[in-house]
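[1] Okay, sequence plus prediction incoming.
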Amino acid sequence: MHDTTAIAAPQHQKLVSRGRNPHDAELHRRFPSIDYLRRGARRRIPHFAFEYADGGSGSEDAGIRRNWAALDAIELVPRYGVMPTLPPCDVELFGRRYAAPIGVAPMGGPAIVWPGADLHLARVAQRARIPYMLSSVGGASIEQVAEIAPDVFWFQLYRFAGNDHAIGLDLVRRAEAVGCRVLVLTLDVPVRTTRPREAVTGLAGSFRLNPGIVLQIALKPGWAKALCRNGIPRFANLRPYADKNASLHEVIAFTRREMGGAFTWEEVARYRDRWKGTLIVKGVLHPQDADKAVSLGVDGVIVSNHGGRQIEVLPAAIDVLPAIVREVGRRATVMMDSGVRSGSDVVRAYALGAAAAFAGKAFLWGLGALGAQGPAHVIDLLIGETQAALGQLGARTPEDVRSVAIRHERALRF
Ligand SMILES: Cc1cc2nc3c(=O)[nH]c(=O)nc-3n(C[C@H](O)[C@H](O)[C@H](O)COP(=O)(O)O)c2cc1C
């Protein structure tokens, strides 16, 4: 199921431009790492938007904290005495070359964080040659993204089971019609859960403008201006299935009604049958689930706990990654997300067998701190840091880092 089309040479050299011109130098001075972007986002966007992007499940975002702690705990031991290089980090995924083992995880509602975000993310991913996953509940349509990010466009599908999967199958038909090559089925939202910080903002219910929200927006003029330019975020993919004249609130209510539950294995098999391109399942945390998916003909799995947003009892994705690589790594491409905040995290994931590591919140923090310029800076940081970590470890290619000594005491055994 792998497509074998090569795409143009990676262009990350252009993006990795630390200090090459005064503008980039200034960006790197103000935001030298993704943590700084998070702080910048907190200052620059309305409170409800930051809470949406940044909040997780459990008390004090316990799910998110576990992901960070698990990644931080992994140590890689360098080897010295070889000529130092800043190695290239381009990789092949499903027959295509990408600039780095890094990608944009699918996110519904990034336009809440920065109006127009979906298109900014897609455009920059195409320029940088890294995978961009459009969420089925994102703010841009399949057709728009195919036009601006034709080489890097992966489409993520949630479960729309009504009327014998009429919406889900139509979304897949549309993705196929515009030449999308990778379909990602998200498995890990079997039930709706609560993210306390998001709940308090009112976003989780039927969000309405009230004086408090208006004040939050008025206090952040950059965000308000972007809203005037781009309009209210909307569910661009789902709008055609709702009533033609439906208001945003009606489309939200429609989406909540139609979307739900996690795909069953029978449904995964049905999509496998229907979709001729690369098929990936996202949200796997158990080696036997990975094995089941691969036995149904799935090409890749993304090990993920949904970035700590579903429920805090789940293990960190990085801690189950090695067991899943052992189980299916020879038969399928294993990737991961959840907690990635630096190139060092990307290299940790790669060293443990992930073919790529995806980031969600890091891109939202970039958007929040820098608006439309944010995604390029996030990619620039992640690629630069990935190269630096590989170089420091004595790796000449990403592959080399698979043979360094690793301390990973939290790794789960099944
Ligand atoms: C605001 C937000 C919205 C998300 N929406 C979706 C979605 O629509 N579909 C999906 O499969 N995952 C969704 N996710 C999960 C991400 O794809 C990804 O698994 C997670 O963000 C990775 O963790 P990280 O944020 O720590 O990088 C969302 C995450 C965030 C932060």
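    Done, it's in. Since the structure is predicted, the reported quantities are computational estimates derived from the model, not experimental observations.
[2] From now on I want contacts and neighbour counts done on CA atoms only, so please keep to that.
    Noted.
[3] Could you list the low-pLDDT ranges of the stretch 201-350 of the chain?
    The stretch 201-350 of the chain contains residues with pLDDT under 70 at 205-207.
[4] please redo it, this time with the cut-off set to 90
    By pLDDT under 90, the low-scoring segments of the stretch 201-350 of the chain are 201-212, 231-235, 243-253, 256.
[5] Show me which residues of it are close to the ligand?
    304, 306-307, 337-340 (CA under 6 Å from any ligand atom).
[6] let's see 8 Å
    Listed as neighbours of the ligand in the stretch 201-350 of the chain under the rule CA under 8 Å from any ligand atom: 282-283, 304-309, 337-341.
[7] mind listing the strands for the stretch 1-150 of the chain?
    All strands of the stretch 1-150 of the chain, identified by DSSP state E, counting those that start in this stretch, fall at 75-77, 91-93, 96-98, 102-104, 132-134.
[8] got these as a markdown table, with mean pLDDT columns?
    Below are the strands of the stretch 1-150 of the chain laid out as a markdown table (pLDDT from 0 to 100):
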| stretch | mean pLDDT |
| --- | --- |
| strand 75-77 | 98 |
| strand 91-93 | 98 |
| strand 96-98 | 97 |
| strand 102-104 | 98 |
| strand 132-134 | 98 |
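[9] Deepest-packed of those strands, please.
    Sort those by mean neighbour count, taking mean count of other CA atoms under 10 Å, and strand 132-134 sits at the top with a mean of 28.
[10] So which residues lie in contact with that one, not counting its own?
    Contacts to strand 132-134, defined as CA atoms under 8 Å, 6 or more residues apart in numbering, come from residues 103-107, 118, 121-122, 125-126, 140, 142, 145, 149, 152-156.
[11] Restricting to these, which residues neighbour the ligand?
    For the ligand, the contacts drawn from the contacts of strand 132-134 by CA under 8 Å from any ligand atom are 104-107, 156.
[12] Mark which of those are buried, thanks.
    Buried residues within these, counting neighbours by 16 or more other CA atoms under 10 Å: 104-107, 156.
[13] Tell me who's in contact with the nearest residue to residue 393 once chain neighbours are set aside.
    For residue 393, ignoring the flanking residues on the chain, the nearest one in space by CA to CA, 6 or more residues apart in numbering is residue 78 at 4.1 Å. Each residue near residue 78 by CA under 8 Å, 6+ apart is listed here: 392-394, 404-405.
[14] again, but for residue 65
    Contacts of residue 65 (CA under 8 Å, 6+ apart): residue 308.
[15] Look up how far residue 337 lies from the residue of the stretch 51-200 of the chain found nearest the ligand.
    Distances between the stretch 51-200 of the chain and the ligand by CA to the nearest ligand atom are smallest at residue 107, namely 3.4 Å. Using CA to CA, to the nearest Å, we find residue 107 at a distance of 12 Å from residue 337.
[16] got it, and residue 282?
    For residue 282, the distance to residue 337 - CA to CA - is 9 Å.
[17] neighbour count winner among these two?
    Counted by other CA atoms under 10 Å, residue 282 and residue 337 do not tie: residue 337 has more neighbours, with 29 against 23.
[18] got the contact list for the nearest residue in space to residue 88 that is not next to it in sequence?
    Distances taken as CA to CA, 6+ apart put residue 397 closest to residue 88, at 6.4 Å, once the chain neighbours are dropped. Applying CA under 8 Å, 6+ apart to residue 397 gives the contacts 87-89, 390.
[19] one more time with 10 Å, if that's ok
    Shown in contact with residue 397 (CA atoms under 10 Å, 6 or more residues apart in numbering): 85-91, 387, 390-391.
[20] Inside helices: which ones of those residues?
    Among the contacts of residue 397, the ones falling in helices (DSSP state H) are 387, 390-391.
[21] Any of those buried? List them.
    387, 390-391.
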